[in-house]
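Chemist: The following block contains a protein sequence and its predicted model.
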Amino acid sequence: MARYFRRNDGQSFWAFVPAVANPAAPTAAEINAGINLTARICDISGFTYKNKPIESPDLSTAFVASIPGEDTADDSALTFYDDATSTALWTALAKNTGGYIVISNYAKGTGTKCRTWHVVSTGPNDEFKLDATAAKFMVGFSVADRPNLDAVFPSGVTI
Amino acid sequence: MGQIWMIHPEGDEPALVQETAFDAVWTHKGFEPVTLDLAAASAAAGQQISDPARVDIEFVRRAIADQRAAAAVPQDAEPAPAKPKKSTAPTPAASSTTSEG
């Protein structure tokens, strides 16, 4: 068992990719055409895939059995450090922009599992705080399709 | 704020983005705009379409195929351009056209 720290240098990789033909196997060209978000992300919420079991009690027992029910994804959002010199990320993730969040937890290793989430931006919003922190903005995402949690990371990703 | 379909030369899947984002971000990443004939898209859909976001993605894919085919044709099929030096000199045909006008 090799535990690891998500924020190890080079360990995690998150990218916004506008187009992916096969979410189970994004290509290096597709990912390289996207935006590497990793160094801009300061907080993550959602990006969890769940099932809501349906209770199915019957007369024969006091035990409440359940069966698998609806698949759902939590409300998802990424918080980014704002950039005083570039609004490119804010602009790229404008409301109603669709694309894929491609996540590698394993140092972009060729052939390792990665996640592809088909998302639509619900829009960026400034995060206003008066305490001594770097300025940030948050982008919410609706999840447009069942995420692929067993996608294969390609070789040749350079962003 | 309008939207635009775009395609990457090394990709096969189109993406719909805001025009401002295309100009500010995606064009610098190598994406190219997809030229859509909205009248043809409307005819294909059987209803008036004025918003690119409402165009069926299969129609967009066909437009990309046409666009790529058209881009490939001039390199393969067009004859070599005429010699540029001669184009500036008056030709008999050109003179007769002028005299007729």
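Modeler: That came through, no problem. The model shown is predicted, which means the values in this text are computed figures rather than measured ones.

Chemist: Return the alpha-carbon coordinates of stretch B:39-48 using PDB.
Modeler: Output of stretch B:39-48 as PDB, limited to C-alpha atoms (Å, rounded to 0.1, in the frame of the first residue of the first chain):
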ATOM      1  CA  ALA B  39     -30.300  28.500 -43.200                       C
ATOM      2  CA  ALA B  40     -29.300  25.000 -44.100                       C
ATOM      3  CA  ALA B  41     -29.400  24.000 -40.400                       C
ATOM      4  CA  SER B  42     -32.900  25.500 -40.200                       C
ATOM      5  CA  ALA B  43     -34.000  23.600 -43.200                       C
ATOM      6  CA  ALA B  44     -32.500  20.400 -41.800                       C
ATOM      7  CA  ALA B  45     -34.200  20.900 -38.500                       C
ATOM      8  CA  GLY B  46     -37.500  22.000 -39.900                       C
ATOM      9  CA  GLN B  47     -37.600  25.200 -37.800                       C
ATOM     10  CA  GLN B  48     -35.900  28.600 -37.800                       C
END
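
Chemist: can you give me the mean pLDDT across it?
Modeler: In this model, stretch B:39-48 has an average pLDDT of 90.

Chemist: contacting residues around it?
Modeler: Around stretch B:39-48, the neighbours that count as contacts under C-beta atoms under 8 Å, 6 or more residues apart in numbering or on different chains are B:49, B:54, B:55, B:56, B:59. (Glycine included, C-beta is placed from N, CA and C.)

Chemist: Need the buried ones from these selected in ChimeraX.
Modeler: With 16 or more other C-beta atoms under 10 Å in any protein chain shown as the criterion, this ChimeraX line picks the buried residues out of the contacts of stretch B:39-48:
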select /B:49,55,59
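
Chemist: Now go through the contacts of stretch B:39-48 and say which are in strands.
Modeler: Judged by DSSP state E, strands contain none of those.

Chemist: For the contacts of stretch B:39-48, which two are the farthest from each other?
Modeler: Spanning the widest gap among the contacts of stretch B:39-48 are B:54 and B:59, at 10.3 Å by C-beta to C-beta.

Chemist: Which stretches in chain A count as strands?
Modeler: Ranges of strands within chain A are A:13-17, A:35-36, A:41-45, A:49-55, A:66-73, A:76-81, A:98-104, A:113-127, A:136-143, A:148-152, based on DSSP E.

Chemist: so which of those gets nearest chain B?
Modeler: Chain B lies closest to strand A:98-104 among these, at 6.2 Å (C-beta to the nearest C-beta).

Chemist: per-residue confidence at the residue of chain A positioned farthest from its centre?
Modeler: No residue in chain A sits farther from the centre than residue A:60, which is 43.5 Å out by C-alpha atoms, centre = their mean. pLDDT, residue A:60: 97.

Chemist: for the lengthiest helix in chain B, packing partners?
Modeler: Counting residues, the longest helix found in chain B (DSSP state H) is helix B:57-77. Applying 3 or more C-beta pairs under 8 Å, 6 or more residues apart in numbering or on different chains; DSSP states H and E, one finds that helix B:57-77 makes contact with strand B:3-7, helix B:38-45.
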